[in-house]
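Chemist: Sequence plus predicted model, see below.
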Amino acid sequence: MSAILKLTREGVGIELRRGPFEILVDGARVGSIKRHETVETPLEPGHHVLCLRSGRYSSGDHSFDVVDDEVVNFRGHGAMVWPRYVASIVKPDLAISLRRE
């Protein structure tokens, strides 16, 4: 059996970092996601690490555990406010927000 990772790219307001984001699970690329899109990908049960990336910019790593037949939901988006956008130039893992729902 397998589980499902459901990832939605949606934020409130204007997203300053545009273009598709790569979806990385356990360091391997499993797809990409565009603005206002939802992507589902199968996962093996167990411990995983999720990251969204766009060039040198990322969400940082987010660890989670999943069991058989579970759907794990995450929501991500690019920087929405100027201070965070500017700060991401120095600290690239601030550029993309990612959280579990």
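Modeler: Cool, got the structure. Values in this document were obtained by computation on a predicted structure and should not be read as measured data.

Chemist: show me what contacts the closest residue to E15 other than its chain neighbours?
Modeler: Leaving aside its sequence neighbours, E15 sits nearest to G78 (Cβ to Cβ, 6 or more residues apart in numbering; 4.4 Å). All C-beta spots, glycine's among them, are computed from the backbone N, C-alpha and C. Neighbour list for G78: 11, 15-18, 21, 54, 95-97 [criterion: Cβ atoms under 8 Å, 6 or more residues apart in numbering].

Chemist: how close does G78 get to E10?
Modeler: Separation of G78 from E10 (Cβ to Cβ, to the nearest Å): 11 Å.

Chemist: Not counting the least confident helix or strand in the chain by mean pLDDT itself, show me its contacts.
Modeler: Across the helices and strands of the chain, mean confidence by mean pLDDT, DSSP states H and E is lowest for helix 82-90: a mean of 86. Residues outside helix 82-90 that contact it (Cβ under 8 Å, 6+ apart) are 16-17, 57, 79, 94-95.

Chemist: between those, which has the most around it?
Modeler: Among these, the one with the most neighbours (other Cβ atoms under 10 Å) is A95, at 25 neighbours.

Chemist: rewinding a little: using JSON lines, lay out the contacts of G78 together with pLDDT and distance to A28.
Modeler: Below are the contacts of G78 laid out as JSON lines (pLDDT from 0 to 100; distance: Cβ to Cβ, whole Å):
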{"residue": "G11", "pLDDT": "83", "distance to A28": "26"}
{"residue": "E15", "pLDDT": "81", "distance to A28": "25"}
{"residue": "L16", "pLDDT": "77", "distance to A28": "28"}
{"residue": "R17", "pLDDT": "76", "distance to A28": "23"}
{"residue": "R18", "pLDDT": "79", "distance to A28": "24"}
{"residue": "F21", "pLDDT": "97", "distance to A28": "15"}
{"residue": "S54", "pLDDT": "94", "distance to A28": "17"}
{"residue": "A95", "pLDDT": "90", "distance to A28": "21"}
{"residue": "I96", "pLDDT": "92", "distance to A28": "18"}
{"residue": "S97", "pLDDT": "93", "distance to A28": "22"}
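
Chemist: That'll do, ta.
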